[in-house]
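Enquirer: Quick one: sequence and predicted model below, then my questions.
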Amino acid sequence: MAEAYCPASCGELLQGWLFGGEKLISCPINWFSCVSVSEGIPAPHERPRMRQMVNLLLDYWQIPLEFSSGLRIEYQSTIPIAKGMASSTADIAATAQATARLLGKSLNSTTLAQLCVKLEPTDSTIFERLTLFDHLTAQTQIPFDWQPDIDILLLESPQTILTTEYHQRDYRPQLLSGTSLLQQAWQQFLIANQQHDSYRLGEACTLSAIASQSILPKPCFDQLRDLVEQTGIYGLNVAHSGSVVGLLFHSHCHDPDYLYWWLHQKKITEHYPKIHHVKLIAGGVR
C-alpha cells in the first residue's frame, strides 16, 4: 500500500485575466485529502476522478489498463465539496502520487500538473510554493519563494458550485473588464513577495476579490470589506469559482475573538454559518 495527501485551498489569493488568459494563485490550507492505493478489489464507493487518474497514469507509463482492476483506492478527506476549496484537485493529485509510489515511479509537480489538467481545471495547491498557474492548460507555472505566515478565518457558505459547471460558462467579458484591477493585484502581489509584506498581500487578494464580484458575487461583501478596514487585518480573499471567503490576519497581531464577534453582530453568520480558523501553508503533495 502507498499513501499520499494533498491540501485544500481557501479559494484563491489571485484569479483573473493575466498574460493573455485566466490564471490563478491558490491559497493552500491545513485541510487535506488523504489517499491510499493498494493491490486489491476496487472499493464500491470510490470517487470517479480518482479512478480516471489511475487509468491516466497507467497510460502515461504504458502499463496495460487491465492492471487498474487490481488496484484499490481508499480515501479520507476533511475538505468540503463544491465550495471552491480544491477538493477534487486534492483527490486526484494525492491519488496520482500514491499510485506512483505503489508502482515505484517518480512524479514531479510539472508532470502532475500536466496530467491533472487533462481531467479538469486544476488548483495550484499541487505545487509546494505559491504559484501563478494556468489551471486550464498548465502552460504557465511561476513559483514564488515567500511562504507567508497567515491565519485565515474561512467563512463557509451552504451554497455549492460545481467547478465544471462554472467553467462551462463564458465569463470572458467580465474577466476582461476586470483586467485593470487584476493588474493592480498582480503588482501588489509581486511587491508583497519581494518585501515579505502580508499587508501588501492582503491588498492584492482584496483587489482580486473585488474583480470577482462581477462574476460570482459573495453575500455581505461590502460589510466584509468594512471589517477589513475597521480591524486593520491584512485583507480578504474569495473562491473565484466557489462560495467561501477568507479573512486574512495573524493571531499575534489581530484579535480573532473580535472578528468572530463582529461577524455575529452584523449577522454575517446567517450567510456563512460555518467559520473555521485555518492556516495558510505550503502546498504540494506529501
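Expert: Yep, it's here. If you're wondering where the values come from, they're calculated on a predicted model, not measured in any experiment.

Enquirer: Burial check on Leu280, number of neighbours?
Expert: Neighbour count for Leu280, taken as other Cβ atoms under 10 Å: 25. For the C-beta atoms, the positions are set from N, CA and C on the backbone; glycine is no exception.

Enquirer: Isn't it up against Pro28?
Expert: Yes: counting by Cβ atoms under 8 Å, Leu280 does reach Pro28; the two are 6.9 Å apart.

Enquirer: List the contacts of His212.
Expert: Just to correct that, residue 212 is Ser rather than His. When contacts are counted by Cβ atoms under 8 Å, 6 or more residues apart in numbering, Ser212 touches Gln15, Gly16, Gly178, Lys218, Val238, His240.

Enquirer: so how far is Pro143 from Glu128?
Expert: 8 Å (Cβ to Cβ, to the nearest Å).

Enquirer: Where do the strands of the stretch 101-250 of the chain begin and end?
Expert: Using DSSP state E, counting those that start in this stretch, the strands found in the stretch 101-250 of the chain span residues 131-133, 141-143, 151-156, 235-238, 245-249.

Enquirer: how long is stretch 248-266 from one end to the other?
Expert: Across stretch 248-266, the terminal residues are separated by 19 Å (Cα to Cα, to the nearest Å).

Enquirer: for it, the distance to its chain's centre please.
Expert: Here the centre of stretch 248-266 is set off from its chain's centre by 23 Å, with Cα atoms, centre = their mean, to the nearest Å.

Enquirer: In it, which residues are buried?
Expert: Neighbour counts using 16 or more other Cβ atoms under 10 Å place Leu248, Phe249, His254, Pro256, Leu259, Trp262, Leu263 of stretch 248-266 among the buried residues.

Enquirer: What of stretch 39-49?
Expert: By neighbour count on 16+ other Cβ under 10 Å, the buried set for stretch 39-49 is Glu46, Arg47, Arg49.

Enquirer: Any chance you could list what contacts it?
Expert: 51, 69-75, 88, 91-92, 95, 102, 119-120.

Enquirer: one more time with 6 Å, if that's ok
Expert: Stretch 39-49 is contacted from outside by Gly70, Arg72, Ile73, Glu74, Ser88, Asp91, Ile92, Leu119, using Cβ atoms under 6 Å, 6 or more residues apart in numbering.
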